[in-house]
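[1] Predicted coordinates and the sequence they were generated for:
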Amino acid sequence: MNAFKPVAVSDYPILKTFFSDHPYNLSIYSPSSIIAWSNDVFKAHYAIEEDTLFICSEVPGHAEDRHLIMPVSRDNSFSVEDLYGYAKKYDFEKYWYVPGDYLEKCDRSLIESYFEVQEQPEFNDYVYLTDDLINLRGNKYSNKRNLIHQFTRGYLRNGLVAVEKIHQKDVAECLQFLEIWCEQHACDIEQQTSLACEKKAVITTLENIEQLESWGLLIRIDGVVSAFGIGSRLNSTTAVLNFEKADGAVKGLYQYLDNQCAKNLFDGFRYINKESDMNLPNLAESKQSYHPVLRVKSYSMTLR
């Protein structure tokens with residue numbers, strides 16, 4: 001680990017240079033996500049060697065979860081043999097977040113001669129056509145349109161709704177709403193749960209939204225922040241909708257937020273990656289209901 005240093009927000013400009021045109025389609029492969037999700041549970045570190053970026057996570061108290069992710073280079077791609085050599089060099093037993101499309105391009109027998117491969121379904125990403133989420137055409141989206149119409153009738157037509165881009169001046173109000181949302185969803189009961197980790201990632205992103213070059217949209221109802229969404233660039237064709245939070249008591253607000261984010265945050269991107277469902281059944285059902293055009297699978301690879 002001597003070559004690695006902890007990831008910090010101030011490292012974003014350094015990390016960003018490696019991710020401008022990388023080949024991985026999982027949402028984790030963006031510098032803003034790596035920085036945001038580095039917390040007390042998963043501590044991200046990085047090293048740069050020979051124009052290649054290496055990212056690892058140390059998991060205090062859980063040595064079995066210690067891992068590298070795929071290396072990122074401005075110019076190079078990496079063979080199975082390369083990955084094996086890096087893991088040995090840096091004393092890691094496994095990789096996490098290996099994209100399925102990387103494995104599809106490799107000789108399976110070669111991979112399995114070096115690594116034991118296992119799917120990580122809780123980290124499989126949902127990917128949608130931006131046009132689908134903007135226009136919500138067809139019978140499959142009729143329920144979404146109906147909920148948006150109900151929200152429109154109840155709030156928008158009465159002049160109670162304002163949709164705004166998130167700027168630094170809005171962060172405190174968004175954080176206040178996040179606290180309310182987390183109280184409703186018991187985020188803080190167990191600090192190692194997915195929701196508790198996500199809360200920390202949202203806070204890091206909001207507090208550093210400009211430094212991390214993330215894009216945010218908030219919705220006020222009667223002047224009060226009642227929903228927000230945050231996105232970022234993944235690659236030239238795909239953006240990520242990293243976080244969506246809305247007052248669940250307001251019927252149609254989540255659907256309206258999702259539609260507004262698609263319309264206002266992702267101009268120029270063909271696809272929107274909504275990340276994984278973290279093995280949360282309600283979240284999985286919600287993501288499936290928007291009809292993804294593909295799932296990007298995530299795998300772990302453990303040295304044999």
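    Nice, I can see it. Given the structure is predicted, the values throughout are model-derived calculations rather than measurements. Numbering: from 1, shown residues only.

[2] Once you drop chain neighbours, what's closest to S298?
    F123 (3.8 Å; Cβ to Cβ, 6 or more residues apart in numbering). (Each C-beta comes from the backbone N, C-alpha and C, glycine too.)

[3] pretty sure that neighbour is in contact with G100, am I right?
    No - the pair F123 / G100 is not scored as a contact, 10.9 Å apart, by Cβ atoms under 8 Å.

[4] quick one: which of these two has more around it?
    The neighbour comparison of F123 against G100 (other Cβ atoms under 10 Å) goes to F123, with 21 against 15.

[5] on that earlier part again, so what sits against both of F123 and G100?
    Here F123 and G100 share the contacting residues S298, scored by Cβ atoms under 8 Å, 6 or more residues apart in numbering.

[6] Do you know the pLDDT at F4?
    Listed pLDDT for F4 reads 94.

[7] Next, count neighbours for it.
    So F4, with other Cβ under 10 Å, has 16 neighbours.

[8] In contact with it, which residues?
    Here F4 is in contact with H45, Y46, A47, F54, C56, Y90 (Cβ under 8 Å, 6+ apart).

[9] Tell me how many other residues crowd N158.
    10.

[10] Okay, helices next: where are they in the chain?
    12-16, 31-36, 80-90, 100-104, 108-114, 130-135, 142-151, 171-185, 194-207, 253-265, 281-288 (DSSP state H).

[11] so where's the stretch 151-300 of the chain uncertain?
    Along the stretch 151-300 of the chain, segments meeting pLDDT under 70 span 190-192.

[12] before we move on, the earlier item: distance-wise, check the residue nearest to S298 relative to T152.
    Using Cβ to Cβ, to the nearest Å, F123 is found at 35 Å from T152.

[13] In contact with the residue nearest to S298, which residues?
    L26, I28, W96, Y97, S276, S298.

[14] what number of residues lie near the third one?
    Burial of W96, expressed as a neighbour count using other Cβ under 10 Å, amounts to 22.

[15] Give me the distance between the residue nearest to it when sequence neighbours are not counted and L303.
    Computed as Cβ to Cβ, 6+ apart, the closest residue to W96 that is not its neighbour in sequence is H67, at 4.3 Å. Taking Cβ to Cβ as the measure, H67 falls 11 Å from L303.
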